[in-house]
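Trainee: Quick one: sequence and predicted model below, then my questions.
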Amino acid sequence: MPVDYETIQKIQKLGDDVLIGVSEVAALTGFSVLTVRQRKLPGLEPVPGLSRLRWRLGDLREWMRTGNTESFHRPSMPTASTNPKRTGRPTKKAQVEARQ
């Protein structure tokens, strides 16, 4: 992916309260536009309540400085030892054993 140096230079001169779009975030972070659009940047959330995806430039700069991924939480998958009771359709083996 080519680096858009012109966009980066223009953005560097802006203040922290400026809202930037998907293409600007992609140019600054190096991620693809599709990755940014799908909000797959852990810890970096767009400004809520807008009809288009916009990020505050100050938040993006802070995210890039710290590498903060704290707000990105994936739910942990339950393991067999923590949840031994299965739900859903029984296995074929369990159905055959239940008939006997």
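Mentor: Nice, I can see it.

Trainee: alpha carbons only for contacts and neighbour counts from here, please
Mentor: Will do.

Trainee: And the next helix or strand past the lengthiest helix in the chain?
Mentor: In the chain, with assignment by DSSP state H, the single longest helix is helix 57-66. Once helix 57-66 ends, the next helix or strand along the chain (criterion: DSSP states H and E) is helix 92-99.

Trainee: Run the chain-centre distance for that following helix.
Mentor: When C-alpha coordinates are averaged (C-alpha atoms, centre = their mean, to the nearest Å), helix 92-99 and its chain have centres 43 Å apart.

Trainee: what's the answer for stretch 11-30, then?
Mentor: On the basis of C-alpha atoms, centre = their mean, stretch 11-30 sits 17 Å off its chain's mean C-alpha point.

Trainee: Please point out which parts of it sit buried.
Mentor: For stretch 11-30, burial by neighbour count (16 or more other C-alpha atoms under 10 Å) applies to 11, 19, 20, 21, 22, 23, 24, 25, 26, 27, 28, 29.

Trainee: Same question for the longest helix of the chain: list its buried residues.
Mentor: Neighbour counts over helix 57-66 (16+ other C-alpha under 10 Å) mark 57, 59, 60, 63 as buried.

Trainee: remind me which residues of the chain are low pLDDT?
Mentor: Scanning the chain for pLDDT under 70 picks out the ranges 1, 68-86.

Trainee: Thank you, goodbye.
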